[in-house]
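A.B. asks: kindly return the folded structure for what I paste below:
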Amino acid sequence: MKKPAHELPPVDMFVTTADADLEPPIITVNTVLSLLAVDYPANKLACYVSDDGCSPLTFFALIEASKFAKIWVPFCKKHNIPVRAPFRYFNGEPLSSSKDSSLEFQQEWKKIKDEYELLCQKIEEATQRSEPWDFTGEFAAFSHVERRNHPTIIKVILENKEDLPNGLPHLVYISREKLPKHPHHFKAGAMNVLIRVSGVMTNAPFMLNVDCDMYANNPKIVLHAMCMLLGVKNEMDSGFVQYPQCFYDGLKDDPFGNQFVVLLKYMVSGIAGIQGPFYSGTGCFHRRKVIYGLSPNRTVTNGELGDENLQKTFGKSMKFSKSAAQVISGYNVINPENRGGISSSIEAAYQVASCGYEHGTSWGEKIGLIYGSATEDVLTGLTIHGRGWKSTYLTPDPPAFLGSAPSSGPTTLIQQKRWSTGLLEIVLSPKSPILFLSKGKLHFRQFLGYMWLLVWGLRSIPELCYATLPAYCILTNSHFLPKVMTNHNPLVLLSRATHAMYALLFSILYMQVQEPAILIPFVLFIIYNIYSASEYLRADLSIWAWWNNHKMWRIISMTSWLFGFLSVILKLLGLFETMFEVTKKDQTIGADDTNANAGRFTFDESPVFVPGTAILLVNLAALALMLLRFRLTTRGGDGSGVGEIICSVWVVLCFWSFFKGLFGRGKYGIPLSVIYKSGTLALLFVQFCKWTSMG
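C.D. replies: Okay, the predicted model is just below:
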């Protein structure tokens, strides 16, 4: 049954951004505007924006966006606009094809479009300005601040003082205090500040968090989530609601392998049928009491609600302790002192946003987002599942949230490096899935799902071995596969092929089985790839999408995951501290990438490209030696055979983007510094092969 508007629970919405250069404010603005305009009573919503870059530009953009919101939100609700992020709406369906073609609507549409273009112009001009900011008035707090050394800044930009359901939600800007050499715990720390600040201001029982580039694509998202959170007999079955991460303007056939369509369709949907999906850090609705560390069906005693216990767990803010007591006791009401508006809680908000507030408390250990990993979202979700909660996977049509997928090689690999580092940190942490499994709250199949995800970094080692093994065998004139022979000289076959893929097919066609055991790996290889390709076809994707994803997973596993693995090892040795690397966000593909270059792999001087280039050079050297060997003799002798050649060619095919990068220019070419380092590693490997063959 549909609940009346006054019976719907309040929801606090969190948007996180960390760098105004890598995450342009216009992207954050569109996400915020889409959230302010969702179909939900405005007096039940509050939007909190965390700016971990302490940028006056981001604050300026939000102020200007709040002015635009006063006409944008009523327009969306009046005409039931389906897409409420302005940059998508005005670039999408033309006015002439709109269902509402009345003169009034057309005039209103053109007026609001002009206002949005003016908003974009103001933000762009502020971004390009060379003179310093005028740090007066609202901007005085940003004077003399450094990104990693500044006091707390909290600004109430919009406040629904009249408590109007048809007004605008609260909008609050937060830049938490930062001090040098003080641990800030990256996004997890920023989220915990948002949780505390919202706790003293609005204290909604449910919280939504989204990344700055994930706009609300479906205006019903909050209502859909409430159906899952309020419509269950046992709250344990819905500790949090996770929407899938979907992307807009994805490049055709997913050349960078980061749209995760098949992963979401099969793996995540399968996990959803056990104990629920993983928490993926964005597009997720949480119960506040779950984030506060409560276990399912747990009764809170009066002793736990005492001031001393509350302050030991939640911190020394009396106001926040009272709000936390209301949440964990199940009595959710607005604090009486907040009746005058959220601005009356500014002083308490500053207190809970300070650097030293968490000292001696349970924040990051038992409550809030959990510290100890660069992938704080997965670690927090694991902790929630480990307490016995289940989660819900919600896939509405149209998708709830849409974001921008990385559109370059460096961004893709850096993002994967951060993920693999953080995931492997969880395996080796005190909150490993093994511990939760032993306590009996984490289901065994859910444990297997987590382990499949968390050991991505470990997979880099066997992947690296498999990629270099055929080259090693060719260079040492040995073999690791059962022998096969061909009716023709492989040199002749290769000379007939104008493409490496055709060379592989020629070799297979002319093979004769010398040892039947070769059929075992050959058949397994064929069956695996046919089944893998069928998953993409069933997901309405193309064979090229499958091939692009297959190539990228090989590249990622031997570059990003390898560096993630090494980062964790160095951290365990005390030689390195992992960092949260923010990836660049783009609203649209660059102007120079709208043609044939769209989707073409790009490079920079990052060390992450060295292993992949070295692997390519090693296999090219091995194939060149094999050709030279066949040029001198019509037979390969008792050493390497067609099986090793096929494997080496397959590796080259998987790194074909790197092969083209050897001859590319600009960002499409591998920098000379990377080639030199990779060439040195390749020469060392060849020398090692020579030494072992002589021994």
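
A.B. asks: was I right to think Ile543 contacts Tyr536?
C.D. replies: Yes: under the criterion of C-beta atoms under 8 Å, Ile543 makes contact with Tyr536 at 7.2 Å. Glycine gets a C-beta too; all of them are placed from N, C-alpha and C.

A.B. asks: okay, those two: which has more neighbours?
C.D. replies: Tyr536 (23 against 11; other C-beta atoms under 10 Å).

A.B. asks: how far away is the more buried one from Asn297?
C.D. replies: Distance of Tyr536 to Asn297, computed by C-beta to C-beta, to the nearest Å: 42 Å.

A.B. asks: swap in Gly283?
C.D. replies: For Gly283, the distance to Asn297 - C-beta to C-beta - is 27 Å.

A.B. asks: helices of the stretch 451-600 of the chain, residue ranges please.
C.D. replies: 460-475, 490-496, 500-509, 519-538, 543-558, 560-572 (DSSP state H, counting those that start in this stretch).

A.B. asks: where does the stretch 51-200 of the chain have low pLDDT?
C.D. replies: 93-100, 130 (pLDDT under 70).

A.B. asks: helices along that one, start to end?
C.D. replies: Using DSSP H, counting those that start in this stretch, helices in the stretch 51-200 of the chain cover 56-79, 86-89, 103-128, 186-201.

A.B. asks: which elements pack onto the third one?
C.D. replies: In other words, helix 103-128. helix 25-36, helix 56-79 (3 or more C-beta pairs under 8 Å, 6 or more residues apart in numbering; DSSP states H and E).

A.B. asks: relative to the whole chain's centre, how far out is the shortest one?
C.D. replies: So that's helix 25-36. Helix 25-36 has its C-alpha centroid displaced from the chain centroid by 18 Å (C-alpha atoms, centre = their mean, to the nearest Å).

A.B. asks: next one: stretch 682-695
C.D. replies: 40 Å.

A.B. asks: ok, now stretch 391-408?
C.D. replies: Offset of stretch 391-408 from its chain centre (C-alpha atoms, centre = their mean): 11 Å.

A.B. asks: before we move on, the earlier item: for Thr16, find the nearest of the helices of the stretch 51-200 of the chain.
C.D. replies: With C-beta to C-beta as the criterion, Thr16 lies closest to helix 186-201 of the helices of the stretch 51-200 of the chain, at 5.7 Å.

A.B. asks: could you give the angle of the helix or strand just after the closest one to helix 25-36?
C.D. replies: Counting by DSSP states H and E, the next helix or strand C-terminal to helix 186-201 is strand 206-211. Relative orientation of strand 206-211 versus helix 25-36 (axes from the mean of the first three to the mean of the last three C-alpha atoms, to 10 degrees): 160 degrees.

A.B. asks: end to end on stretch 418-436, go ahead and measure it.
C.D. replies: 24 Å (C-alpha to C-alpha, to the nearest Å).

A.B. asks: list the buried residues in that stretch.
C.D. replies: 418-427, 431-433, 436 (16 or more other C-beta atoms under 10 Å).

A.B. asks: contacting residues around that stretch?
C.D. replies: Around stretch 418-436, the neighbours that count as contacts under C-beta atoms under 8 Å, 6 or more residues apart in numbering are 370, 372-376, 378-379, 382-383, 385-386, 442, 447, 450-451, 453-458, 460, 560-561, 563-565, 567-568, 571-572, 578, 580-581, 583.

A.B. asks: which of these count as buried?
C.D. replies: 370, 372-376, 378-379, 382-383, 385-386, 442, 447, 450, 453-458, 460, 560-561, 563-565, 567-568, 571, 578, 580, 583.

A.B. asks: assess the claim that Tyr668 and Asn597 are in contact.
C.D. replies: Yes: if you go by C-beta under 8 Å, Tyr668 and Asn597 touch, sitting 7.2 Å apart.

A.B. asks: between those two, which is the more surrounded one?
C.D. replies: Shown here are Tyr668 and Asn597; by other C-beta under 10 Å, Tyr668 has more neighbours (16 against 13).

A.B. asks: so Tyr676 sits in a strand?
C.D. replies: No: assigned with DSSP: H, G, I helix; E, B strand; the rest coil, Tyr676 falls outside any strand and is helix.

A.B. asks: burial count for it?
C.D. replies: Neighbours of Tyr676 (other C-beta under 10 Å): 12.

A.B. asks: check Ala400 too.
C.D. replies: Counted with other C-beta under 10 Å, Ala400 comes out at 27.

A.B. asks: ok, now the one 5 residues further on?
C.D. replies: By the measure other C-beta under 10 Å, the count of residues near Ala405 is 23.

A.B. asks: which residue packs closest to it, ignoring adjacent ones?
C.D. replies: Phe247 (4.2 Å; C-beta to C-beta, 6 or more residues apart in numbering).

A.B. asks: just give me the neighbour total for the one you found.
C.D. replies: 20.

A.B. asks: let me see the contact set for it.
C.D. replies: Here Phe247 is in contact with Gln259, Leu402, Gly403, Ser404, Ala405 (criterion: C-beta under 8 Å, 6+ apart).

A.B. asks: any chance of those residues in a markdown table, with distance to Pro611 too?
C.D. replies: Listed next are these as a markdown table, based on distance: C-beta to C-beta, whole Å:
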| residue | distance to Pro611 |
| --- | --- |
| Gln259 | 24 |
| Leu402 | 33 |
| Gly403 | 29 |
| Ser404 | 27 |
| Ala405 | 23 |
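
A.B. asks: please list the members of the buried residues of stretch 418-436 that lie in helices.
C.D. replies: Within those, residues falling in helices by DSSP state H are Arg418, Trp419, Ser420, Thr421, Gly422, Leu423, Leu424, Glu425, Ile426, Val427, Pro433, Phe436.

A.B. asks: need the pLDDT of the fourth one.
C.D. replies: Spelled out, it's Thr421. Here, the pLDDT recorded for Thr421 equals 95.

A.B. asks: next up, the contacts around Met191.
C.D. replies: Phe14, Thr16, Ser50, Asn209, Gly368, Leu369, Glu376.

A.B. asks: neighbours of the closest residue in space to Ser55 that isn't next to it in sequence, how many?
C.D. replies: Ranked by C-beta to C-beta, 6+ apart and with sequence neighbours excluded, the top spatial neighbour of Ser55 is Ala20, at 3.9 Å. Counted with other C-beta under 10 Å, the neighbours of Ala20 add up to 20.
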